[in-house]
Every structure is written in C-alpha cells, then in structure tokens.
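Novice: Starting from these lines, generate the structure:
(one chain, ligands or ions: 1)
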Amino acid sequence: MWCSRTALHRLQRIAVTPLNITGGLTSNMQREMSTLPRVYVTRQIPPEGLKILRESGQVQFQLWDSDDIPVPRQELLEKVKGVDGLLCVLTEKIDAELLEAAGPNLKVLSTMSVGFDHLSLEELKKRGIRVGYTPDVLTDAVAELTVALLLTTSRRLIEATHEAKTGGWGTWRTLWLCGYELANSTVGVAIAERLAPFKVKKFIYTDVAPRPELASIINAEYVSLDELAKQSDFLTVCCALTPETKEICNKDLFSKMKNTSIFINTSRGGVVNQEDLYEALSTGQIAGAGLDVTVPEPLPTNHPLFTLKNCVILPHIASASYSTRNAMSALAANNLLLGLRGEPMIKELKL
Ligand SMILES: O=C(O)[C@H](O)CO
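Specialist: Got it, this is the predicted structure:
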C-alpha cells in the first residue's frame, strides 16, 4: 500500500479501509500520487514518525507493517526496487546488495538509530546517498538504563530477587549478596551527570582525543584506555562500533581491570570479545558485567554468558522509552523528508 496525505484525506470521505486505498483512487488521485517520491519504511515505526510521513504530502510510502519480526531480506530486496528514500532500523543490513537492488533512484537513507554499524558507509558514499541518523534524542533514556543496569549488576539485584523467590532467603547474613558501592569509587563514563549524586570520587574517560568542553561539566579526567581499565571501579562503554573499536574490550583490557570492577556495555555487542568476557567473569578477573547488547542479538538462550550469576543481560532496550522511541521515529522521518527535498538534515552523517 502506498500512502500520501492528500489521497488519504480524500479517501476518509469515502470511508474505505486502508487496504482498499489503491482500489478506491480516481485516476487523477493516482496520477498525483505517482509523481511523489517513493519511500520504503522497513518497520512499523512509532506513531510520531509515521504521522510526519503521512501528513507531509511529500512522499508516498510503503511499510513493513510489523514490529515483531523484521522484514525478510528477500522481501526487502523486492520492496526497495526503484525507491527514492529508505527509512530503516538497525536490524536491516544496508550493503552493496541492497543498494544495487534499490537502484539509482535511491538518494536518501534515514536510520532510526544512533548506531550505524548496520550501514555500509563506503557503499553509500560511493553512490552519493545521503544518510540521516538519530543521535542525542536517546541520550537520556540510554543514560538512565545504563545507571539502572550498573546498579542492578553491582548490587546483584537479579540474584537477590531469584533467591527471595526460590527459597534461598534464609536468615539475615553478614556478607550474603554483598556488592560494590558507587560511593567513593572511580567511574569511567559518559553518564557521569547521572551518577554524580552517588558521591562518586572521580570520573575518568577515554576517547580518540580529550573533550575538554564536555569533561569540564562533570570534572572528568582524560586518561588512556589502559588507565581507564586500571583505575575504574565501574567501567561503562558507550562508543560506536567501528573497525577501530571492534572487540576493544578483550582479554588485554579485562586483565588490567580490578577484580572488584563492574563492566557495563550499552553500545554494541561487537565492541566486546565475549569469550574473553566470559573468561574474565568466570575466573573472577572482574566482579560483574551488565550488558544491554550482545553478539548475536538475540543472544541464544544456551549461551555460556547466561549461566553466570555475575552477568546481567538485557535485550537491547537502552533507548526503549515511549518518548524516546517516538522522538527517534520523528527525527528519522524528518531527516528523510529534508534529505528528499535536498535540504540539510537535522542529523546527517558526514560520509
Ligand atoms: O543505535 C541505536 O539507536 C540504539 O542502539 C537503539 O537502542
């Protein structure tokens, strides 16, 4: 079903169901719609984004009308043929095969994500396709979840509720289910503002270069990755997955961490070598890990990491609040429309 605002408004008057839209169109309406840029949306995105697309009057779009399963690859390759714009989520691999299938009309790709490791940037650049993405609008939700995951892991909340529910709760014991406190700790982070009230002693961070404007807000010290590993009581990872950061959290890094340290990852599973992490957790090299992201996703339920009491695993929900997902959806829709109009996007990746 291809939708545009004008056609929809007129159709409301003749009260047909959406599925009958194409059949109910007059030839004028069909002509009007057929001149609009065609867009394929690979997921049933949250309502704010869909509303923007629908009411823009600027595009006709078709969508994979489900949030429960991703569009099958074969279907996607068919649907993108000849489109001018594509709005995708992080489950779609946008590579040479897909761009070939889409053909030369494709001028704009908009992903409803801050991460872009599912996009082949080189192939997009080669074809002059502009790329929109959704940074910033999810920062609060991700920071909140990171704090929740950090506290859940360090204070062993999953183990504790399990014990309470399954009869493990005997007498009050002096060291039972003890964890690690944020108070007086050193935290290597990008969520520092959220953690400041917990009386953290020191914030440290690493990046390709110091970021004094940001660091000064929270009084964080720039250190090397080695120092970050050595000093952090809580180490949180929030970098993009790129060839440079692939498996940057590996045996070498874990071996430098204190065995009382907690490792948190809310970025991409690919920045961690999971075998090395399993080793570090099971041998007591580090105290615990909280992961919102893994390789693969979903992580098979028989994966060794699930057997560890000191590993808390969430199903990639860091940005999952209603308001944030709607904001991401709206930003992705607006990026797409601006791109198709040849205007600067609100958030555009520099290729
Ligand atoms: O890349 C993103 O936008 C996030 O991982 C989604 O939660």
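Novice: now residue 203: how far from residue 184?
Specialist: Distance from residue 203 to residue 184, counting by C-beta to C-beta, to the nearest Å: 13 Å. To be clear about C-beta, it is placed using only N, CA and C from the backbone, and glycine gets the same treatment.
Novice: Between the two, point out the one with more neighbours.
Specialist: Set residue 203 next to residue 184 and count neighbours by other C-beta atoms under 10 Å: residue 203 wins out with 22 against 11.
Novice: leaving aside the residues next to it on the chain, what's closest to that one?
Specialist: Excluding its sequence neighbours, the residue lying closest to residue 203 (C-beta to C-beta, 6 or more residues apart in numbering) is residue 220, at 3.9 Å.
Novice: For the one you found, which residues are in contact?
Specialist: 189, 192, 203, 204, 205, 214 (C-beta atoms under 8 Å, 6 or more residues apart in numbering).
Novice: Could you work out the most separated pair of the residues you listed?
Specialist: 204 and 214 (13.1 Å; C-beta to C-beta).
Novice: Look at those two and report which has more neighbours.
Specialist: residue 204 (21 against 13).
Novice: Quick one: end-to-end length of stretch 329-348, please.
Specialist: End-to-end distance for stretch 329-348: 15 Å, by C-alpha to C-alpha, to the nearest Å.
Novice: Over to stretch 338-351?
Specialist: Length of stretch 338-351, first residue to last, C-alpha to C-alpha: 17 Å.
Novice: quick check: mean pLDDT across it?
Specialist: Mean per-residue pLDDT for stretch 338-351: 97.
Novice: Pull the residues that contact the helix of greatest length in the chain.
Specialist: In the chain, taking DSSP state H as the definition, the longest helix is helix 322-340. With contacts defined as C-beta under 8 Å, 6+ apart, helix 322-340 is touched by 37, 39, 45-50, 52-53, 56, 58-59, 84-85, 87, 107-108, 110-113, 130, 132-134, 137-138, 140-141, 319, 344-348.
Novice: restrict these to those near the ligand?
Specialist: With C-beta under 6 Å from any ligand atom as the criterion, the contacts of helix 322-340 include 113, 138, 319 near the ligand.
Novice: In a strand, the first one, correct?
Specialist: No. Looking at residue 113 with DSSP: H, G, I helix; E, B strand; the rest coil, it is coil, so not inside a strand.
Novice: and the residue of the stretch 251-351 of the chain nearest the ligand?
Specialist: residue 319 (3.5 Å; C-beta to the nearest ligand atom).
Novice: which residues touch that residue?
Specialist: 114, 138, 141, 142, 145, 325, 328.
Novice: and with 7 Å instead?
Specialist: Residues counted as contacts of residue 319 (C-beta atoms under 7 Å, 6 or more residues apart in numbering) are 138, 141, 142, 325, 328.
Novice: Identify the residue nearest the second one in space, chain neighbours excluded?
Specialist: Distance criterion C-beta to C-beta, 6+ apart; nearest residue to residue 141, sequence neighbours excluded, is residue 324 at 3.9 Å.
Novice: Run a quick neighbour tally on residue 251.
Specialist: Neighbour count for residue 251, taken as other C-beta under 10 Å: 15.
Novice: residues touching it, list them.
Specialist: By C-beta under 7 Å, 6+ apart, the contact list for residue 251 reads 273, 276, 279.
Novice: Tell me the helices and strands packed up against whatever helix or strand residue 226 lives in.
Specialist: Assessed by DSSP states H and E, residue 226 sits inside helix 225-231. Here helix 225-231 touches helix 251-256, going by 3 or more C-beta pairs under 7 Å, 6 or more residues apart in numbering; DSSP states H and E.
Novice: what residues does the stretch 201-350 of the chain put near the ligand?
Specialist: The stretch 201-350 of the chain has residues 318, 319 near the ligand, with proximity defined as C-beta under 6 Å from any ligand atom.
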